[in-house]
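Novice: build me a model from this:
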Amino acid sequence: MNAEDAKHRENFSYQYPQQIDRGQERVDFSQGRRDFQTEKFNSKQRRRNILVIAHGRSGSTITGDIFNHHPSVFYLHEPLQTVERIFKKLGTSNAHYGSLMADILLNVLRCKFSKPVLEDFDQFYRDPSHPRASHAIGSPPLCPYEMNDPKWDPKLCPPMTSESLESTCRDKYPVTVAKILMSRIAGNNIKNILEACKSSDVDCQIIFLVRDPRAVIPSSQSVGFFSNRGSQLSKNGLRLYSYQKCKQTEENLVFLKNLPISRRRRIMIQRYEDFAMNPLKVLSRLYNFAGLPVLDSVKTWLNKSTHPEQPREKMKIEGHAAFFTVDDASVAVNRWRWKVDPCVIDIIEHYCEQVMQMMGYTLVDRSYDLMANISIPLFSEEYEAKKWFIN
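Specialist: Sure, this is the predicted structure:
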């Protein structure tokens, strides 16, 4: 650990409730909004938590990695994957998933890790294919060496205990950041995540990442998130996926817009395109929102990751591809414009027009000359949803 980083890093038995059919109840979120409106944040009493929420293929991994590289952050890569695996083992009905999700996430945000969660974390974060998924879990005291030490090897990291993980989370890291994909949230709705944030001892801030659906949806298909149904001509799978994802984004934006202003101060909307055009500016914005100092070491890492010396196609991907975030950001922002079939773009714009207008994305409306002319950006600096939030 360098001097700058060092300067800034200064058996819990959780019982699952006897009945977890709270997932079938209608939660009174108006009460939650009143709670958020009246709460006073005291940094000495409440742990700060940042939830990075996005659809897959929206830039959530690189955004999470920005926090992962900060020595004051206890970073967790998709803890709702853990919830899904535990839920599958329990074998309960789908109606119970929401309450289990909120219960586990609430305790994780408190730096409390039940035995099932600990066992899953130990398998996931010690997996050789993604050993750097959490720098905090791969560093002392949970591992013998810092990750930048040549002697560092995930095989040398001993199994975690509840005591070691909880004390490390609580005592070494003042901020927890968790990346959460929309598809893993109960009901695909951010309001259900807020259930884990209603407790008086938990402070939550939300970063909602949004990316042009014309980039997100074809990329999602390329990694198998959905496939076309029926004939290739009808593209029913594409139509359904486009409708569902854009409807979810729109509904979540409207939900966040309608929160009291006191709560909206704790929410940030971040477009991938703004990050791609100026990564270091967005780095500063994200850290400022989280109350973290901007470190030169992180700026150097991010600059190298977003301005590599060779194109991504020629790079050797280390570890699991899902964790490989090195890419030329200025190229990535426009890649869909020359890779995606214009017919596909037309379908996406048909189902996503309203949310695209909210987020400032310009429709090509079958103008293939416009789509091909990358000197003209297809997103505007000012947009409707930007006005709803202070950050």
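
Novice: burial count for the nearest residue to R239 once chain neighbours are set aside?
Specialist: Counting by CB to CB, 6 or more residues apart in numbering, I347 is the residue found nearest to R239 once chain neighbours are left out, at 6.0 Å. C-beta here means a position set from N, CA and C on the backbone, and glycine is covered the same way. Per other CB atoms under 10 Å, the neighbour tally for I347 reads 19.

Novice: I347 contacts S242, doesn't it?
Specialist: Yes: taking contacts as CB atoms under 8 Å, I347 lies within contact range of S242: 6.2 Å.

Novice: related to what we said a few turns ago, what's near enough to touch the residue nearest to R239?
Specialist: Residues near I347 by CB atoms under 8 Å, 6 or more residues apart in numbering: K235, L238, R239, S242.

Novice: so what's the residue count around the second one?
Specialist: Under the neighbour criterion other CB under 10 Å, L238 is assigned a count of 22.

Novice: equivalent analysis for R48, please.
Specialist: 20.

Novice: circling back to that earlier point, most neighbours among the contacts of I347, which one?
Specialist: S242 (24 neighbours).

Novice: circling back to that earlier point, now the contacts of I347 in a markdown table, with pLDDT?
Specialist: What follows is the contacts of I347, written out as a markdown table (pLDDT from 0 to 100):
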| residue | pLDDT |
| --- | --- |
| K235 | 91 |
| L238 | 95 |
| R239 | 95 |
| S242 | 98 |
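
Novice: next SSE downstream of the helix or strand in which the residue nearest to R239 is found?
Specialist: Assigned by DSSP states H and E, I347 belongs to helix 342-358. From helix 342-358 onward toward the C-terminus, using DSSP H and E, the following helix or strand is helix 368-372.

Novice: coming back round to it: now do the helix holding I347: distance to the chain's middle.
Specialist: Average the C-alpha atoms of helix 342-358, do the same for its chain, and the two points are 23 Å apart (CA atoms, centre = their mean, to the nearest Å).

Novice: what's the answer for stretch 229-243, then?
Specialist: 27 Å.

Novice: still on that earlier bit, turn the contacts of I347 into TSV, including distance to R211 and secondary structure.
Specialist: What follows is these, written out as TSV (distance: CB to CB, whole Å; DSSP: H, G, I helix; E, B strand; the rest coil):
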residue	distance to R211	secondary structure
K235	21	coil
L238	17	helix
R239	20	helix
S242	14	helix
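
Novice: in a markdown table, list the residues you listed along with distance to P140.
Specialist: Below are the contacts of I347 laid out as a markdown table (distance: CB to CB, whole Å):
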| residue | distance to P140 |
| --- | --- |
| K235 | 52 |
| L238 | 48 |
| R239 | 51 |
| S242 | 46 |
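
Novice: now for those, which pair is the farthest apart?
Specialist: Pairwise distances across these (CB to CB) peak at 9.3 Å, for the pair K235 and S242.

Novice: buried residues, the helix holding I347. List them.
Specialist: Under the neighbour-count criterion of 16 or more other CB atoms under 10 Å, helix 342-358 has V344, I345, I347, I348, E349, Y351, C352, V355, M356, M358 buried.

Novice: average model confidence for it?
Specialist: Helix 342-358 shows an average pLDDT of 97 in the prediction.

Novice: again, but for stretch 125-133
Specialist: The pLDDT scores in stretch 125-133 average 84.

Novice: count of residues packed around the residue nearest to G59 when sequence neighbours are not counted?
Specialist: Among residues not flanking G59 along the chain, Y272 sits closest, at 3.9 Å (CB to CB, 6+ apart). By other CB under 10 Å, the residues close to Y272 number 25.

Novice: these two touch, right, Y272 and V210?
Specialist: Yes: the criterion here is CB under 8 Å, and Y272 meets it with V210 at 7.2 Å.

Novice: got any residues that touch both of the two?
Specialist: With CB under 8 Å, 6+ apart, Y272 and V210 have common neighbours S58.

Novice: other residues contacting the host helix or strand of Y287?
Specialist: For Y287, the host element (DSSP H and E) is helix 279-290. When contacts are defined by CB under 8 Å, 6+ apart, helix 279-290 is touched by residues 48, 50, 63, 66-67, 70, 73, 175, 177, 205, 207, 268, 270, 274-275, 293-294, 298-299, 302-303, 306, 329, 391.

Novice: mean confidence score for that helix?
Specialist: Helix 279-290 carries an average pLDDT of 98.

Novice: for it, which positions count as buried?
Specialist: P279, V282, L283, R285, L286, Y287, F289, A290.
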